[in-house]
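Pasting the sequence and the predicted model now:
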Amino acid sequence: MNALSKDMSGPLALFANRLNTLAGAERQSAAGALARTGLPDRKVEAWHYTTLRALGKQDYAAPPMQVEASTVRSLLDGVLQAHSAMAALPRVVFVNGRHAPAFSALPDDVDLSFFADDPQFGQQAAPDRDPLVALNTALAEDGLVLRVPAGVDAGHVMLISLGVAGADPLSFHPRHTVVVEKEAHLRLICVQAGQGAYFHNPVTDIQVEDGATLEHLTLQTEGAQAVSLGTLYAHVGQQSVYDSFVLGLGGQLVRHEVHARLAATRGVVHVNGAQRLAGQQVGDITSVITHAASDCTSRQTVRNVLDGHARGVFQGKVLVERIAQKTDGYQMNQALLLSPEAEIDAKPELEIYADDVRCSHGATVGALDDDQLFYLRSRGIPEQEARQMLIDAFLDEAIALVEDATAQTFCRAVMAARFAGKGESA
Amino acid sequence: MPAVTQTREAVEKLGQSTYKWGFETDIEMDMAPKGLNEDIIRLISSRKEEPEWMLEWRLAAYKTWQAMEEPKWAKVAFPPIDYQDAHYYAAPRKKPGPKSLDEVDPELLRTYEKLGIPLHEQALLAGVEVPEGERMPVAVDAVFDSVSVATTFRKTLEEAGVIFCPISEAVKEHPDLVRKYLGTVVPAGDNFFSALNSAVFTDGSFVYVPKGVRCPMELSTYFRINAKNTGQFERTLIVVEEGASVSYLEGCTAPMRDENQLHAAVVELVAMDDASIKYSTVQNWYPGDENGRGGIYNFVTKRGACRGARSKISWTQVETGSAITWKYPSCILQGEGSVGEFYSVAVTNNHQQADTGTKMIHLGRNTRSTIIAKTISAGRSDSTYRGLVRVQPKASGARNFTQCDSLLIGDQCGAHTVPYIESRNMNARIEHEATTSKISEDQLFYCRQRGLSEEDAVGLIVNGFCRDVLKELPMEFAVEAQKLLQISLEGSVG
Amino acid sequence: MSQFLEISGLCAQIDADGQKKQILRGVDLSIPPGEVHVIMGPNGSGKSTLSYVLAGREEYEVTAGTATFHGQDLLAMEPEERAAAGLFLAFQSPIELPGVNNANFLRTAVNAVRRARGQDELDAVAFLKMAREAAKALSMAPDMLKRNVNVGFSGGEKKRNEVLQMTLLQPTFAILDETDSGLDVDALRIVAEGVNRLRAPTFSALVITHHQKLLDYLVPDRIHVMARGRIILSGGPELARQIDQEGYTKFLAEVA
């Protein structure tokens, strides 16, 4: 019944064992699509700037059922201790893609269940169009299914994904669903962290129903050897708000891909972010914001600080469909290169079919401003410190876009802990 | 009086409604059979009396082309092109050189008249000697289907040391120069259409400006597709030596036809130390009718190499014609402190599709580039700005500024902006801005309150929108371009 | 044709967020030739809407009533036809036209109107001479003709530019929509003089203002008070002074 093995050449061979033993039509069809396309390379326009070479040549095994509790505990503490308010927030912890009840502190005001108990793939994900979504669809084991009932303000919920691997690479492919029903409100803080050689491949299906608000922070502090390729879909209803921010700091190769759809009038989407990378890191923030209804607003500000041999990628497409009159779209990508080997590749894209719109984008690339640097130094601040101040200020302006005070403070605390006293690596 | 200023007036008199350049000239043609193969390439080469190396070069390009595929990444859609269903060589039949205007094929003269080329220049174009009296400021090379029919002012130019002649002639007369530079900026295998062009190009212009010479006049080329089922594959090569400069104008027209015709040109520019090249295009190929029938497929590769320090290449284009435009005039900024500029207005109406922009490749230190692109879409058309700014590791101090603005007229069209920005140098600075909007009701009403018709108001606002580009054009071209913009948008409002 | 401008029972609405909003609720107003009339009234009473409807803005839907100008049905005309017929609106917020040179714009407009009126078009030299003189009379900086239409103009410069356009287009009926707002006393005087220069037995004006000050220079013939989309009170010039001293409240209460 499953005759895929002969097609599982190239990088797909890394998952061949698991892809050959799938049950269920959806998984098989996804694996079939994957077998046809393979994993994307540079010839695929959406992957022009990011290669998957970092996946390497070793097989990716399914994660073991047992994980050393002390390792998990120390990773979790690392997350929660960054800021004093975090430990008190309700949290759902996943270890290697599986729910870990022992470490979770489940929230009250929401309906909570798990993908493993009743696998539902949702309507938004398009495995036939995106090989990484197909890979997830084929191999997803578990995930958070969270629903905020209509009219409820559910406060904060943390979704913490920890990867724990040894020398042998393993992969996990969680499938999360978040529904904020009509007039409800949720502040979702997702944290990704871990250690060892793992491949994290989450797909998240978000629906913000009419009049609802979802504030969504993703703090990406994956382990240094990790590859993390996540795809997020957000369906935004009438007069509802999806306000998201991604802070990218960790991992070896990380891609955060967002597909946000403004499906009804007067919706608002923010897909903001910042990344600070060094060494050999590659960080890719890709988004497609589709205006499919009139009078909607989208905002996107992404800032990149790149040191060492790091490479930042920003691809941001704003698609305004014919029906989406009175669209207000704005997009800005800025990058600061701190070393001669750092690189930024940006592709801000407007695709517009409605005439009564106001859309703009901008992009800047450069080094620290010499005038600013001189000004600080003329006031007696040593050069290294002055540089650090300017870098911090550059990123902090982006972080200031996080409206939820707890999430904003959390971002700043994590940044401070990670980069205190570190200037550029010149 | 320069040719271009009269073009429009002459053409207006023809009284054709939408596309005013759509006349066909009935001239005896020497045509190769349909189809493309090595024999056709040999035929072209022998008709042109080319040296052996040129034929070898063409055949190598043909081999490369056969292994290539049509590019698919542009945001344009068209039915598959049957490359075997076209004539790759068509030329007005050669007769002994005329002694006076009376002896010139009257059809050819009429064509020039329709194109608005002044009589003195018509005489020159037709190969008639005219006594050197008044000095005219524009030298013209007219390329008719595949063949350059006449080049004016060669004598004046020769005295200045400037070579301006059909490239077919340059291959024979200046083989060392042609061999040295041909294909060095756009290699035959650069892309599908450049490979095709390299195999079958039949004519085009060659310009060589020696060291220290400022070309004494504007050089101008008219390209015209005339015969049915022909492709036009012209090839232009401009080499400007150290400290020299030239300004080159290019205008294009074609008759109205139901079927699509292919135009795949290659333009190569080379600028040495302190040299400067200004290349201006007003592209007005037949765009097809209001239902999208017919029109030219304009698949063009234009690229300039700023090889020398402080050299400068400036592209200015006003693109109003063609059913499909696929065109990215680019600059390779190799020389230290070299400068690349791209100023573009692209107008699409009815069912036109345009995917156009530029590439600025910064290789040398302190190189600078400026991109100003204005896109106007109306009717059911789609227009895309696609541009690449790349800063390589050695290009310290590189600067780019890009401004892309799109204007939509009506709610059935599309306007898209696809910039690629790549920097591998920490001391480079790149700034990109893009906006999309429509003509505001406020602006329209304000103009109409002051007595302007809606169409005139749109014309005024569109010209204002394009001002930063139009002001880069030589004066006569600018006037023509402004009117062209308005004509292209006729019927798009109200 | 008894009157020059005759407005009767004029009602108009606008589409706001998908809902029809009635703004003019039956305006009656006639202005004889040679007179300057003033409309005063609290914010939101419909003064600017009246001026837009008379000039032909499409967003405003006329639901009832008539407006004739020189005996012609004004409401049936396109905006540019109204301009050619002699109607000029000095905008409360003049519109910016990026990239459009002011002199070129003025000349295009003047010639479009001249054409429509059967007059000869002006060539560039004749036009520039006329425009420079007019600009000078309004104490405008010479470079204002070279700049883009209203782009980067200060509030005062924009208003003067409106009056300059009015001077050049030679309307028979001008609506000045709060042209005095944001002007200092000197500028106010210059603007008023610009209007006064046009005054003739064949020229009328409708001045929308909040302030008595402008009227000191303009000397109006009639004052109308507008509220809730209607003209509720008309009188001589003394009415304006009364309002200036006592405010609208009293008058509104009297009518209510």
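Now that the structure is in, tell me what you want to look at. Numbering: from 1, shown residues only, chains lettered A, B, ... in the order given.

center of chain A - which residue?
A:H256 (3.6 Å; CA atoms, centre = their mean).

quick one: that one and A:T286 touch, right?
Yes - between A:H256 and A:T286 there is a contact under CB atoms under 8 Å: 7.2 Å. For the C-beta atoms, the positions are set from N, CA and C on the backbone; glycine is no exception.

and A:T231, helix, strand or coil?
With DSSP: H, G, I helix; E, B strand; the rest coil as the basis, A:T231 sits in strand.

about what we covered before: dump the residue contacts of the residue nearest to the centre of chain A.
By CB atoms under 8 Å, 6 or more residues apart in numbering or on different chains, the contact set of A:H256 is A:218, A:220, A:230, A:232, A:246, A:248, A:273, A:284-286.

In the stretch 101-250 of chain B, where is pLDDT below threshold?
B:101-152, B:223-231 (pLDDT under 70).

Could I get the full set of strands for it?
Along the stretch 101-250 of chain B, the segments classed as strands by DSSP state E, counting those that start in this stretch run B:138-144, B:147-151, B:163-166, B:205-209, B:218-224, B:235-240, B:245-253.

same question, the stretch 51-200 of chain A
Using DSSP E, counting those that start in this stretch, strands in the stretch 51-200 of chain A cover A:91-95, A:98-99, A:111-114, A:144-148, A:153-164, A:170-172, A:175-180, A:185-195, A:198-200.

would you list those strands in CSV and tack on mean pLDDT and distance to chain B?
CSV is the format used below for the strands of the stretch 51-200 of chain A (pLDDT from 0 to 100; distance: least, CB to the nearest CB, whole Å):
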stretch, mean pLDDT, distance to chain B
strand A:91-95, 97, 36
strand A:98-99, 96, 40
strand A:111-114, 96, 41
strand A:144-148, 97, 35
strand A:153-164, 97, 31
strand A:170-172, 94, 30
strand A:175-180, 98, 31
strand A:185-195, 97, 27
strand A:198-200, 96, 27
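
Helices of the stretch 251-400 of chain A, start to end?
A:370-378, A:383-399 (DSSP state H, counting those that start in this stretch).

among these, where is the model least confident on average?
Ranked by mean pLDDT, those end with helix A:370-378 at the bottom, a mean of 77.

Now do it: which elements does it pack against?
helix A:383-399 (3 or more CB pairs under 8 Å, 6 or more residues apart in numbering or on different chains; DSSP states H and E).

now what about the next helix or strand after the helix it packs on, what contacts it?
Once the chain leaves helix A:383-399, the next helix or strand it forms, by DSSP states H and E, is helix A:405-419. The contact list for helix A:405-419 (CB under 8 Å, 6+ apart) reads A:82-83, A:85-86, A:89, A:156, A:187, A:189, A:215, A:217, A:219, A:221, A:245, A:247, A:249, A:276, A:388, A:392, A:395-396, A:399-400, A:402.

Output helix A:405-419 as CSV, restricted to C-alpha atoms.
Extracted C-alpha coordinates of helix A:405-419, given in CSV (Å, rounded to 0.1, in the frame of the first residue of the first chain):
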residue,chain,number,x,y,z
ALA,A,405,3.8,44.5,29.0
THR,A,406,4.7,41.1,30.4
ALA,A,407,5.8,39.8,27.0
GLN,A,408,7.7,42.9,26.3
THR,A,409,9.5,42.8,29.7
PHE,A,410,10.2,39.1,29.1
CYS,A,411,11.9,39.9,25.7
ARG,A,412,14.0,42.6,27.2
ALA,A,413,15.1,40.3,30.1
VAL,A,414,16.1,37.6,27.7
MET,A,415,18.0,40.0,25.6
ALA,A,416,19.8,41.5,28.6
ALA,A,417,20.8,38.1,29.9
ARG,A,418,22.1,36.9,26.6
PHE,A,419,23.9,39.9,25.4
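
quick one: average pLDDT of that helix?
93.

Next: stretch C:97-107.
The model assigns stretch C:97-107 a mean pLDDT of 84.

for stretch A:348-365, same thing?
pLDDT averaged over stretch A:348-365 gives 92.

likewise stretch B:333-345?
96.

So what would you say the end-to-end distance of it is?
23 Å (CA to CA, to the nearest Å).

Show me how far stretch B:460-468 is from its chain's centre.
Chain-centre distance of stretch B:460-468: 21 Å, with CA atoms, centre = their mean, to the nearest Å.
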